[in-house]
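1. Task: produce atomic coordinates for the following.
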Amino acid sequence: MNRRSFIGQLSAVSGTVLTTALPAFPAIDAVSQALTTGYTADVVIAGGGVGGCAAALSALRVGKTVVMTEETDWIGGQLTQQGVPPDEHQWIETHGATRLYRQYRNAVRDYYRQHYPLTEAARAQVYLNPGDGAVSRLSHEPRVSLAVLHQLLAPYLSAGKLTLLLDHRITGADVQGDRVRALNATHRQTGRVLTLTAPYFVDATELGDLLPMTNTEFVTGAESRADTRELHAPEQADPNNVQAFTMCFAMDYVPGENHVIDRPREYDFWRNYTPALKPAWSGKLLSLAYANPKTLTPKTLGFQPEGAKTGDALNLWNYRRMISRANFEPGFYRGDISNVNWPQNDYALGNLIGASANEFARHVDRAKQLSLSLLYWLQTDVPRPDGGQGWPGLRLRPDVMGTADGLAKYPYIREARRIKPVFRVLEEHVGADNRALITGQKTGNTAEPFADSVGIGYYHIDLHPSTGGNNYIDFGSLPFQIPLGALLPQRMENLLPACKNIGTTHITNGCYRLHPVEWSIGEAVGALISFSLDRNVPPRAVREKQTLLTDFQQQLRAQGIDTQWPV
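-> Residues are numbered from 1 along each chain as shown. Model prediction:
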């Protein structure tokens, strides 16, 4: 396509309707700060989420220049704009993460020590967990992750090595054959279009938006068992069957006060909604019961917003709590602050992948109605341990999420488009039971070893209820490696994935999609691009030529990226 025609055709505003607020920590904004029609760098990264930030830092630390776009006004993806404190494996404090990810985690703890009135006991904790959340070893506020990520990027912004374009969405691509020549980034408020050029491009968008835009081969949804040979794959493929997404929110509890929100317009629908899943759900979605993810049998939950025990049942208040007032000086907080990313507000009635702008907005709006209905139900209808109903002192916290409506800036995305890779990660490589069938060993310590490993990670295979009507798919995996082949598209030469869009399957995405693994993927991609530029070789050659692969893996290890688990 002619470059002038390309720019002209893509001058219209494109985007989705999502609530945003002014950035808490400013970055370079090309619309107001620069009189230019475009930028050129060593690498252009589309998407400022976990993988995008890791890729940027990885390239910047070895002297490369980066342009990174982000369609909201907060970088950080799952950690910030989606409002999800890190989900991590049980060894995260000592191993199983990159040096750079550990630097980020340490900086979060240091931020609380430097700026918050912690108790002496909390300040002395080596592994401080500000929220003492049951599911996260570092449960904390989105704004703190935002501050830390900006601290990590600040030197490169100051030196002009990084151009950060907030509120910019990629709206078009100039592609010639197997190479991307440029991307167009449109400012969501003004409609101004910038042309971004580089030798390499990274798709770190939450849904893999660059793949169809650049004609990169990809798949979506569930593959068939005949295709993948996976134990937990369905008999029939379904490209529209993807995991639920969630509109997270934060709340605290002020006893004796009434903070009941207006009755949500879809409350009657959600109050009476029973998910149509196979195997069956445990009953109504808005209840203190759900399907145990591993056994799919009904499981009872508890709810008490002062953190008290609820018998043998898990108190949902403590599950993803991001501030525990017990860690701070008496009286500083009126109550805990809890993050709501629960089974009860998973939205599975629509697929955001490939949705039109109107469809996207409609499903996000309905997901918000679900989350607000859950809050209203907790305030008015949920059974209390004393036999009453509702906790009117529950208070929505828009300030925590940085939005006007109190919900996260962006949906929490669990599944995206996935490249058709040089090498595809299957359940037989990482799933405990499937691997036992392949190897003939009933037990094992690690997953399939990959000679081209560029990182490591771990999480059990965790698929939430899906748009195709599947209930939870949740089972054991093994500590795994990240193969370089899964980061390489089969055909495209200079476009690389950096998050949930790598070459996994619907099943194996369930253990590669969490925070530290996405970070490791992004960091490896940033390092790969830098290595390819320095050696003047394409990324595919790094995998195909043993001497290059050996040099690259040695470089990764020198930068604090483990390529295999300790024996």
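2. Correct me if wrong: Gln78 contacts Tyr412.
-> Yes: taking contacts as Cβ atoms under 8 Å, Gln78 lies within contact range of Tyr412: 6.6 Å. The way it works is simple: take the backbone N, C-alpha and C, and place the C-beta from them, glycine included.
3. So for the two, which residue has more residues nearby?
-> Gln78 (30 against 22; other Cβ atoms under 10 Å).
4. burial of the closest residue to that one other than its chain neighbours, as a residue count?
-> Leaving aside its sequence neighbours, Gln78 sits nearest to Val84 (Cβ to Cβ, 6 or more residues apart in numbering; 4.6 Å). Val84 has 23 neighbours, counted by other Cβ under 10 Å.
5. pretty sure Val84 contacts Met247?
-> No: at 11.2 Å, Val84 does not count as touching Met247 under the criterion of Cβ under 8 Å.
6. what residues are shared contacts of the two?
-> Between them, Val84 and Met247 share these contacting residues under Cβ atoms under 8 Å, 6 or more residues apart in numbering: Tyr412.
7. and the gap between the closest residue to Pro385 other than its chain neighbours and Asp73?
-> Leaving aside its sequence neighbours, Pro385 sits nearest to Gln304 (Cβ to Cβ, 6+ apart; 6.2 Å). Applying Cβ to Cβ, to the nearest Å, the value for Gln304 to Asp73 is 35 Å.
8. Which residue of these two possesses the greater neighbour count?
-> Per other Cβ under 10 Å, whichever of Gln304 and Asp73 has more neighbours is Asp73, with 21 against 18.
9. Can you classify the more buried one by secondary structure?
-> Secondary structure, DSSP: H, G, I helix; E, B strand; the rest coil: Asp73 is coil.
10. where does the residue nearest to Pro385 land on pLDDT?
-> Looking at Gln304, its pLDDT stands at 97.
11. cool, and Ala12?
-> pLDDT for Ala12: 29.
12. cool, and Lys294?
-> Listed pLDDT for Lys294 reads 95.
13. got a list of what it touches?
-> Going by Cβ under 8 Å, 6+ apart, Lys294 touches Tyr472, Asp474, Phe475.
14. which residue sits closest to the first one, ignoring its sequence neighbours?
-> Once its chain neighbours are removed from consideration, Tyr472 has its nearest residue in Pro293; the separation is 3.9 Å (Cβ to Cβ, 6+ apart).
15. now the one you found: how far from Trp281?
-> Per Cβ to Cβ, Pro293 is found 12 Å from Trp281.
16. When the two are compared, which one has more neighbours?
-> Trp281 (22 against 18).
17. my guess is the more buried one contacts Asn471, does it?
-> Yes: between Trp281 and Asn471 there is a contact at 6.6 Å, judged by Cβ under 8 Å.
18. Overlap in contacts, the two.
-> Ala291, Pro465.
19. CA atoms only: put stretch 519-528 into PDB for me.
-> What follows is stretch 519-528, C-alpha atoms only, in PDB (Å, rounded to 0.1, in the frame of the first residue of the first chain):
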ATOM      1  CA  TRP A 519       6.500 -10.300  32.300                       C
ATOM      2  CA  SER A 520       9.100 -13.000  31.500                       C
ATOM      3  CA  ILE A 521       7.700 -13.300  28.000                       C
ATOM      4  CA  GLY A 522       7.900  -9.500  27.400                       C
ATOM      5  CA  GLU A 523      11.400  -9.300  28.800                       C
ATOM      6  CA  ALA A 524      12.600 -12.200  26.600                       C
ATOM      7  CA  VAL A 525      11.100 -10.500  23.500                       C
ATOM      8  CA  GLY A 526      12.800  -7.200  24.300                       C
ATOM      9  CA  ALA A 527      16.100  -9.000  24.700                       C
ATOM     10  CA  LEU A 528      15.600 -11.000  21.500                       C
END
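20. Name the residues of it that are buried.
-> Residues Trp519, Ser520, Ile521, Gly522, Glu523, Ala524, Val525, Gly526, Ala527, Leu528 are the ones in stretch 519-528 that count as buried (16 or more other Cβ atoms under 10 Å).
21. who touches that stretch?
-> By Cβ under 8 Å, 6+ apart, stretch 519-528 touches 43, 50-59, 62, 64, 97-98, 100-101, 104, 202, 204, 454-457, 482, 484, 487, 496-499, 502, 512, 539, 542, 552, 555-556, 559, 561.
22. excluding its backbone neighbours, what's nearest Val400?
-> Val400's closest residue in space is Ala250 (Cβ to Cβ, 6+ apart), at 3.9 Å.
23. next one: phi and psi at the one you found?
-> Main-chain torsions, Ala250, degrees, to the nearest 10: phi -120, psi 150.
24. surely it meets Arg395?
-> No: if you go by Cβ under 8 Å, Ala250 and Arg395 don't touch, sitting 9.6 Å apart.
25. returning to that earlier point: tally of neighbours for the residue nearest to Val400?
-> Ala250 has 25 neighbouring residues, counting by other Cβ under 10 Å.
26. how close does Thr300 sit to Ala159?
-> From Thr300 to Ala159 the distance is 55 Å (Cβ to Cβ).
27. Ok, Leu166 next?
-> According to Cβ to Cβ, Leu166 and Ala159 sit 19 Å apart.
28. remind me, longest helix of the chain?
-> If you go by DSSP state H, the chain has its longest helix at helix 357-380.
29. Show me what that one is packed up against.
-> For helix 357-380, the packing partners by 3 or more Cβ pairs under 8 Å, 6 or more residues apart in numbering; DSSP states H and E come out as strand 245-246, strand 249-253, helix 267-271, strand 337-340, strand 346-347, strand 394-396.
30. closest to Arg181 out of those?
-> strand 245-246 (32.4 Å; Cβ to Cβ).
31. Quick one: mean pLDDT over that closest one.
-> Mean predicted confidence for strand 245-246 is 98.
32. Please name every helix or strand in contact with it.
-> By 3+ Cβ pairs under 8 Å, 6+ apart, strand 245-246 packs against strand 346-347, helix 357-380.
33. Fine by me, thanks again.
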